[in-house]
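>>> Pasted the sequence and its predicted model underneath.
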Amino acid sequence: MPVFHFHVPRGFSVAKKINMADAANRALSEGWDVPKGDRFITITEHQEGELHIDPTFMDMERSKDAIILEVLIGAHRPLEQKKMLFKLLVQYLAEMASVRPDDVFIAAIPVPNENFSFGKGEAQLAGIAPRW
Amino acid sequence: MPVFHFHVPRGFSVAKKINMADAANRALSEGWDVPKGDRFITITEHQEGELHIDPTFMDMERSKDAIILEVLIGAHRPLEQKKMLFKLLVQYLAEMASVRPDDVFIAAIPVPNENFSFGKGEAQLAGIAPRW
Amino acid sequence: MPVFHFHVPRGFSVAKKINMADAANRALSEGWDVPKGDRFITITEHQEGELHIDPTFMDMERSKDAIILEVLIGAHRPLEQKKMLFKLLVQYLAEMASVRPDDVFIAAIPVPNENFSFGKGEAQLAGIAPRW
């Protein structure tokens, strides 16, 4: 149930957007052994004046195509798993969607598993040990 | 101060969007006894390639009109209250806005009450016992 | 690495949006002594029926130009720093972007510093004492 939210500048093609979603899904599946079907992703395009990303902060060389990626993750995830996910996200975004590694800012928001509902208004993961 | 963020596919009518907001407000009011005036809701429409929701994961039958709903909730809320909110959200989204129960993915992000400001830059809920 | 997300009604000019981003950046820099380069901000415009903000809840007098501002902050920030940030945000949004103080709803979502990546898939702030 990690949920991804991409914030991108205007002008990305539909194909690129789909490739970005595929990359996120693959990173999650390979890095955390989450089922491929666990795919819940939004992309929001921002017009002129609506996306502000510093070009060099923290020694990066960001382009005009830099993005912000937020992901809601299970609050139980240890640091090593977060590092693994970040690494694979950047790798597959580059390989599959031509997003440069310096252009990917990520924030992972911790959310307890019991706070997710996959449908029907049920908290399907409440009361069970975390698998994902 | 729960804040709702709906992510929807393109093509929902203005009336449907308003009904969705009304449904969220009603679920909150009835489920948690929050004042009706506590209404802070955004809806973001996603174009082609910008919204990815698996059609069947976790045994749901999702349609092309499936949505992702995020809600910022007070970090003090116990599981039973979260379950109640999820249940009512799905019920009223179906009754008032014709959103199918299988089509509603929900994530509730915990936020301490002192982290909200209702205006004027004040943290109105800091230092008092949670009412909402 | 605080990340700001503004949700605004349709019709704000590009100049106003840029001024809002500048105001958030200035509040952060002056209030928390964060480097000016730490600038990661999105603005999302909402069409008719997509932004619902109560006009009077909690004794405010909100206009049709009211906004919702979310900010991802380091989970280590104490209350006094949050109050300082809220105060400066509202002050500079008014002075620099003509956003009325009653029109600014803020939610600050706590995120551990190790959950951020500034690029290259690295968790640059993991394992070090928080500076920002």
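That came in fine, so what should we check first? Residues are numbered from 1 along each chain as shown, chains lettered A, B, ... in the order given.

>>> Which parts of chain A are strands?
Using DSSP state E, the strands of chain A run over A:3-9, A:40-46, A:51-53, A:67-74, A:104-111, A:116-117.

>>> Make JSON lines from these and add mean pLDDT, distance to C:D54 and mean neighbour count to it.
For glycine as for every other residue, the C-beta is placed from the backbone atoms N, C-alpha and C. Formatted as JSON lines, these follow (pLDDT from 0 to 100; distance: least, CB to CB, whole Å; neighbours: other CB atoms under 10 Å in any protein chain shown):
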{"stretch": "strand A:3-9", "mean pLDDT": "98", "distance to C:D54": "25", "mean neighbour count": "23"}
{"stretch": "strand A:40-46", "mean pLDDT": "98", "distance to C:D54": "24", "mean neighbour count": "23"}
{"stretch": "strand A:51-53", "mean pLDDT": "98", "distance to C:D54": "28", "mean neighbour count": "22"}
{"stretch": "strand A:67-74", "mean pLDDT": "98", "distance to C:D54": "26", "mean neighbour count": "23"}
{"stretch": "strand A:104-111", "mean pLDDT": "98", "distance to C:D54": "25", "mean neighbour count": "22"}
{"stretch": "strand A:116-117", "mean pLDDT": "98", "distance to C:D54": "25", "mean neighbour count": "26"}
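
>>> Looking at the ones you listed, spot the one closest to C:I109.
Across the strands of chain A, C:I109 has its closest neighbour in strand A:104-111 (6.3 Å, CB to CB).

>>> Enumerate every residue touching whichever residue of chain A sits closest to chain B.
Proximity of chain A to chain B (CB to the nearest CB) peaks at A:G121, 3.2 Å away. By CB atoms under 8 Å, 6 or more residues apart in numbering or on different chains, the contact list for A:G121 reads B:F86, B:K87, B:L88, B:L89, B:V90, B:Q91, B:P101, B:V104, B:I106.

>>> Show me which pair in the residues you listed is furthest apart.
Using CB to CB, those span at most 12.6 Å, a distance reached by B:Q91 and B:I106.

>>> What parts of chain A come near chain B?
Neighbours of chain B within chain A, by CB under 8 Å from any CB of the partner chain: A:1, A:3, A:14-15, A:17-18, A:21, A:25, A:35, A:37-45, A:72, A:109, A:111-112, A:114-124, A:126.

>>> 6 Å instead, please
Residues of chain A found near chain B (CB under 6 Å from any CB of the partner chain) are A:3, A:14, A:17-18, A:21, A:37-43, A:72, A:111, A:114-121, A:123-124, A:126.
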